[in-house]
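Asks: Pasting a predicted model and its sequence here:
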Amino acid sequence: MDIKFNEIKSQEQFLEIFKGLCDIAEIAFNKFEENCSDPKPEEKRLVSRNIKYLISITLVIMGMRGDYIVFRDHKVLSGFSVEVDGIVYDQSYLYKMNDYFETRLTRALEILQKVDPEKYKEFTNFLS
């Protein structure tokens, strides 16, 4: 299904996009930790390049978590709560995923700090 962010029509569609993004982020963070937690000196650039991607995807998750309120104008997502296969996903789920990926990003930045302190400073200045 091809859904554009500005064409979300229901809570179910919003959740589908949000969960899909979280699934992609999970894979990206797992691959990063697998491939970059103890890089060789010549792979230092790879770590900072991957951090850029992890920051981007985390910021999108944070933005979606906070900005789903935009859709309230349409009375579509007001009081966010969706039940899928007997599981209720509500606003606390959005915050839980936000916090989870913020924590994962912090751990990834700690790896970068060990590998490339200069790049680490650049990224933390950017995120401040």
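Replies: Yep, that arrived.

Asks: Would you map the strands across this structure?
Replies: Along the chain, the stretches classed as strands by DSSP state E are 81-84, 87-90.

Asks: got a markdown table for those strands, with mean pLDDT, distance to residue 122 and mean neighbour count too?
Replies: Quick note: C-beta positions are derived from backbone N, CA and C, even for glycine. What follows is the strands of the chain, written out as a markdown table (pLDDT from 0 to 100; distance: least, Cβ to Cβ, whole Å; neighbours: other Cβ atoms under 10 Å):
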| stretch | mean pLDDT | distance to residue 122 | mean neighbour count |
| --- | --- | --- | --- |
| strand 81-84 | 89 | 39 | 14 |
| strand 87-90 | 91 | 36 | 13 |
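
Asks: Mind putting these into JSON lines with distance to residue 116?
Replies: Conversion of these to JSON lines gives the following (distance: least, Cβ to Cβ, whole Å):
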{"stretch": "strand 81-84", "distance to residue 116": "41"}
{"stretch": "strand 87-90", "distance to residue 116": "38"}
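
Asks: looking at those, which is closest to residue 45?
Replies: With respect to residue 45, and counting by Cβ to Cβ, the nearest of the strands of the chain is strand 87-90 at 38.4 Å.

Asks: who touches that closest one?
Replies: Under the criterion Cβ atoms under 8 Å, 6 or more residues apart in numbering, residues 15, 19, 80-83 lie in contact with strand 87-90.

Asks: who's in contact with the spatially most central residue of the chain?
Replies: Note on the chain: the residue nearest the mean C-alpha position is residue 58, at 2.8 Å, using Cα atoms, centre = their mean. Taking Cβ under 8 Å, 6+ apart as the criterion, residue 58 is in contact with 25, 101-102, 104-105.

Asks: so can I have JSON lines of those showing neighbour count and distance to residue 50?
Replies: What follows is those, written out as JSON lines (neighbours: other Cβ atoms under 10 Å; distance: Cβ to Cβ, whole Å):
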{"residue": "25", "neighbour count": "22", "distance to residue 50": "13"}
{"residue": "101", "neighbour count": "24", "distance to residue 50": "15"}
{"residue": "102", "neighbour count": "12", "distance to residue 50": "17"}
{"residue": "104", "neighbour count": "19", "distance to residue 50": "13"}
{"residue": "105", "neighbour count": "23", "distance to residue 50": "12"}
